[in-house]
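Student: how would this look folded up:
(chains A and B)
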Number of protein chains: 2
Amino acid sequence: MSDNQDQKMMGLAYQQAYKSYLEGGVPVGAVMVKDGEVISAGHNRRVQDGDPTAHGEIDCLRRAGRQSSYNGVTLYTTLSPCMMCSGAILQFGVTRVVIGENRNFRGNIEFLRSHGVQVDLLEDKKCTELMDNFIKEKPGLWDEDIAGRTDV
Amino acid sequence: MSDNQDQKMMGLAYQQAYKSYLEGGVPVGAVMVKDGEVISAGHNRRVQDGDPTAHGEIDCLRRAGRQSSYNGVTLYTTLSPCMMCSGAILQFGVTRVVIGENRNFRGNIEFLRSHGVQVDLLEDKKCTELMDNFIKEKPGLWDEDIAGRTDV
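Tutor: Presented below is the predicted three-dimensional model:
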């Protein structure tokens, strides 16, 4: 997929993140693309649904419903995936992950790559600024969302 | 927790798994315990809810709702956790995992232990037999649930 397409899809993931931010939630969004088509979009729903497993990537995978295969699927996420979401990416066999930023959460880029996932990091300023603001405004909520664990 | 308590809690996880089996779903169940009290029970809901992320462990974590900490939590699961569920256990900082069986799915016991999780494997015959039967009856559904990946 071209860089322009990646920027466009990350823009959709950002819209999901910003929607969650406006709802008072954790502003992480994700979009799934297969064969150039968006098949799912989601965002963190810890606050909205009281669901600690509903990270942006998990919500997006859930909303895509049952899939026969994730071969050829690209998952766009505004923030580098935590270990739960990285584990889901590996277990499901998602081919490629495009990440908005990893300054606010290092995530598991090398872990994913070492297991054969193609990972691209866009270092997107809008994604970074949104998380910057959220973490400053609601540090307790952010800490809860990753269970205070930045080292796994 | 005593062996008797572990057997009792695994019995509750098995009830969840068997409920899912009767519903035509994937028969994996889980129970969360904190300070000796059951705080959540769940089972795989791929078929029931069309939700590929609803493995037994994820469903159980979801139903427990938001938690300030998973320190001291034991997660009982009838089957050895896949990489998604193992990632969730690590990210949330679940202290201990008790597994019914790992003959039908190896899972990630050493991965969890290497990250400091206390893991106990009961080699429970009822859990093994239930999965044996399910995999014989619905091999395609089982393959879908783990995306055909027994090696991650």
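
Student: what's the average pLDDT for the helix or strand where A:Tyr14 lies?
Tutor: Assigned by DSSP states H and E, A:Tyr14 falls within helix A:3-22. Helix A:3-22 carries an average pLDDT of 97.

Student: same deal with stretch A:54-62?
Tutor: The model assigns stretch A:54-62 a mean pLDDT of 98.

Student: quick one: residues contacting A:Gln5.
Tutor: A:Gly36 (C-beta atoms under 8 Å, 6 or more residues apart in numbering or on different chains). C-betas here are computed from N, CA, C, even on glycine.

Student: measure it to chain B for me?
Tutor: 25 Å (C-beta to the nearest C-beta, to the nearest Å).

Student: same thing with A:Glu144?
Tutor: Applying C-beta to the nearest C-beta to A:Glu144 and chain B gives a distance of 7 Å.

Student: now swap in A:Val26 and tell me
Tutor: Distance from A:Val26 to chain B, by C-beta to the nearest C-beta: 11 Å.

Student: you'd agree that residue is up against A:Ser20?
Tutor: Yes: between A:Val26 and A:Ser20 there is a contact under C-beta atoms under 8 Å: 6.2 Å.

Student: mind listing the shared neighbours of those two?
Tutor: A:44, A:56.

Student: any idea of the pLDDT on the closest residue to chain B within chain A?
Tutor: Distance from chain B to each residue of chain A (C-beta to the nearest C-beta) is smallest for A:Gly87, at 2.5 Å. According to the prediction, A:Gly87 has pLDDT 98.

Student: not counting sequence-adjacent ones, nearest residue to it?
Tutor: Sequence neighbours aside, B:Gly87 is the residue nearest to A:Gly87 in space, at 2.5 Å (criterion: C-beta to C-beta, 6 or more residues apart in numbering or on different chains).

Student: surely that neighbour is within a strand?
Tutor: No: read with DSSP: H, G, I helix; E, B strand; the rest coil, B:Gly87 is helix and lies in no strand.

Student: dump the residue contacts of it.
Tutor: B:Gly87 neighbours (C-beta under 8 Å, 6+ apart): A:82-88.

Student: ditto for A:Gly29
Tutor: A:12-20, A:41-44, A:56, A:77-78.

Student: at 6 Å instead, please
Tutor: A:13, A:16-17, A:43, A:56, A:78 (C-beta atoms under 6 Å, 6 or more residues apart in numbering or on different chains).

Student: A:Glu57 now?
Tutor: A:30, A:77, A:81, A:85.

Student: now these in JSON lines, with secondary structure, distance to chain B and neighbour count?
Tutor: Compiled in JSON lines, the contacts of A:Glu57 are given as follows (DSSP: H, G, I helix; E, B strand; the rest coil; distance: C-beta to the nearest C-beta, whole Å; neighbours: other C-beta atoms under 10 Å in any protein chain shown):
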{"residue": "A:Ala30", "secondary structure": "strand", "distance to chain B": "12", "neighbour count": "31"}
{"residue": "A:Thr77", "secondary structure": "strand", "distance to chain B": "14", "neighbour count": "29"}
{"residue": "A:Pro81", "secondary structure": "coil", "distance to chain B": "9", "neighbour count": "31"}
{"residue": "A:Cys85", "secondary structure": "helix", "distance to chain B": "7", "neighbour count": "32"}
